[in-house]
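K.L.:
When you get a sec, could you give me coordinates for this:
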Amino acid sequence: MSSNTEISDINSQLIQKRKRNNIQLNAIDEKNNLIITRARMLQIAEENNIYKQKILFTIVALIFTFIILMIFIYSYFSKK
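P.N.:
Numbers count the residues shown, from 1 in each chain. Prediction:
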């Protein structure tokens, strides 16, 4: 009879360990999904920053082009 109780004790311990293991696996899966989501959010933010940087550089280039064009036109008409 004592072997029966030992077996049932070991069985209940294994069941508890399996439940704890499943809980830990679920927590790991949730954290992994969270990491994937955060990585995607970071990627989107980086893409937006690159887009904004391109727009800013384009505007600066247009301003410099306009200034150079104004200087060229001024020097061209001042010689006449």
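K.L.:
Relative to Gln16, how far out is Ile28?
P.N.:
Distance, Ile28 to Gln16, using C-beta to C-beta, to the nearest Å: 19 Å. (Each C-beta comes from the backbone N, C-alpha and C, glycine too.)
K.L.:
To clarify, my last question referred to Ala61.
P.N.:
For Ala61, the distance to Gln16 - C-beta to C-beta - is 67 Å.
K.L.:
Spit out the contact partners of Met40.
P.N.:
Rather than Met, residue 40 is Arg. With contact set as C-beta atoms under 8 Å, 6 or more residues apart in numbering, Arg40 has no partners.
K.L.:
quick one, helices of the protein?
P.N.:
Applying DSSP state H to the chain gives helices spanning 2-78.
K.L.:
Residue ranges in it under the pLDDT threshold?
P.N.:
1, 80 (pLDDT under 70).
K.L.:
hmm, 90 instead?
P.N.:
Low-confidence segments of the chain, defined by pLDDT under 90: 1-7, 77-80.
K.L.:
and Phe77, how many neighbours?
P.N.:
A total of 8 residues lie near Phe77 under the criterion other C-beta atoms under 10 Å.
K.L.:
For it, which residues are in contact?
P.N.:
By C-beta under 8 Å, 6+ apart, the contact list for Phe77 is empty.
K.L.:
Starting from Met70, give me the distance back to it.
P.N.:
11 Å.
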